[in-house]
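# No sequence on hand, only this structure:
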């Protein structure tokens with residue numbers, strides 16, 4: 001099977017978990033990884049060249065998923081709009097570009113590690129998840145773990161990941177810091193803003209997002 005691996009910092013705890021899970025469950029021999037940014041991973045999943053992945057919310061609708069996602073309860077730090085005279089989309093994203101339009105925020109959309117680096121420079125920005133929460137009092141769901149087959153496997157991953165307290169080994173944290181040019185302390189602080197539990201309130205937030213998309217299209 002092929003799992004779509006998005007190398008943003010927001011999924012670092014999940015990747016650490018999966019490394020251990022595949023070893024302990026004898027899945028390592030059958031699991032291959034496709035590495036790509038969200039927009040490209042979405043396309044691979046929709047064309048069935050990827051069997052499972054965290055799929056952008058805008059593409060996840062009507063696909064099978066477990067109760068795991070990339071969720072911001074309030075601010076997220078890594079999905080921003082930078083003031084700009086023109087609206088500029090981030091080619092790596094789909095959901096965040098639409099979110100900026102729903103919230104009517106003008107400027108350049110930045111997502112992922114480059115957005116976090118920008119945030120850490122204390123430059124002017126709008127945090128889209130924070131603005132969403134202030135408007136609707138709901139979390140924002142950026143992606144869901146979707147799959148085409150092997151439901152029992154992904155339900156097992158959901159159950160085990162949600163009950164585990166993932167500690168990121170120092171060598172992995174050091175490598176992530178080197179790769180992203182973000183300090184280890186800032187990475188750990190950032191990860192406190194990310195939730196993975198697609199719970200009742202997160203589901204309400206995603207339903208609201210779909211409703212707002214529908215209103216925008218009509």
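Arrived safely. Note that the structure is predicted; figures quoted are calculated from it, not measured.

# So what sits opposite residue 71 in the bridge?
For residue 71, the beta-bridge assignment (DSSP bridges) gives partners residue 141, residue 195.

# Work out for me the element residue 63 sits within.
Following DSSP states H and E, there is no helix or strand that holds residue 63.

# Check it and give its pLDDT.
Model confidence at residue 63, given as pLDDT, is 95.

# Now the longest helix anywhere in the chain: buried residues?
Longest helix of the chain, by residue count under DSSP state H: helix 200-217. Going by neighbour count (16 or more other CB atoms under 10 Å), the buried part of helix 200-217 is 202, 205-206, 208-209, 212-213. C-beta coordinates here come from the backbone N, C-alpha and C atoms, glycine included.

# Can you tell me which of these is closest to residue 175?
residue 202 (29.9 Å; CB to CB).

# Roughly how far does the closest one sit from residue 115?
Note on residue 202: its distance to residue 115, by CB to CB, to the nearest Å, is 21 Å.

# In TSV: the buried residues of helix 200-217, plus pLDDT and distance to residue 160.
Listed next are the buried residues of helix 200-217 as TSV, based on pLDDT from 0 to 100; distance: CB to CB, whole Å:
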residue	pLDDT	distance to residue 160
202	98	19
205	98	24
206	98	23
208	97	29
209	97	28
212	95	33
213	94	33
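
# any idea how far residue 177 is from the most centrally placed residue in the chain?
Geometric centre of the chain, nearest residue: residue 70, 4.0 Å, by CA atoms, centre = their mean. Residue 70 is 20 Å from residue 177, where distance means CB to CB.

# Just checking: what are the partner strands of the helix or strand of the chain with the lowest mean pLDDT?
One helix or strand of the chain scores below all others by mean pLDDT, DSSP states H and E: strand 32-35, with a mean of 76. Sheet pairing of strand 32-35 (DSSP bridges) gives strand 2-5 (parallel).

# Contacts for the partner strand, please.
Residues outside strand 2-5 that contact it (CB atoms under 8 Å, 6 or more residues apart in numbering) are 11, 15, 18, 31-36, 41, 44-45, 49-55.

# Same check on stretch 60-69?
Taking CB under 8 Å, 6+ apart as the rule, stretch 60-69 contacts 14, 45, 54-55, 57, 141-148, 151, 154-155, 157-158, 161-162, 196-199, 202, 210.

# Tell me which of these fall in helices.
Per DSSP H, the contacts of stretch 60-69 map to helices at 14, 45, 57, 151, 154-155, 157-158, 161-162, 202, 210.

# so where's this structure uncertain?
24-31, 85 (pLDDT under 70).

# Strands of that one, start to end?
2-5, 32-35, 52-56, 65-72, 79-82, 108-111, 126-127, 140-147, 194-197 (DSSP state E).

# If I take the fourth one and strand 140-147, what angle do their directions form?
Orientation note: strand 65-72 sits at an angle of 150 degrees relative to strand 140-147 (axes from the mean of the first three to the mean of the last three CA atoms, to 10 degrees).

# what's the spacing between the least confident helix or strand of the chain and its chain's center?
In this view, strand 32-35 has its centroid 16 Å away from the chain centroid, taken as CA atoms, centre = their mean, to the nearest Å.
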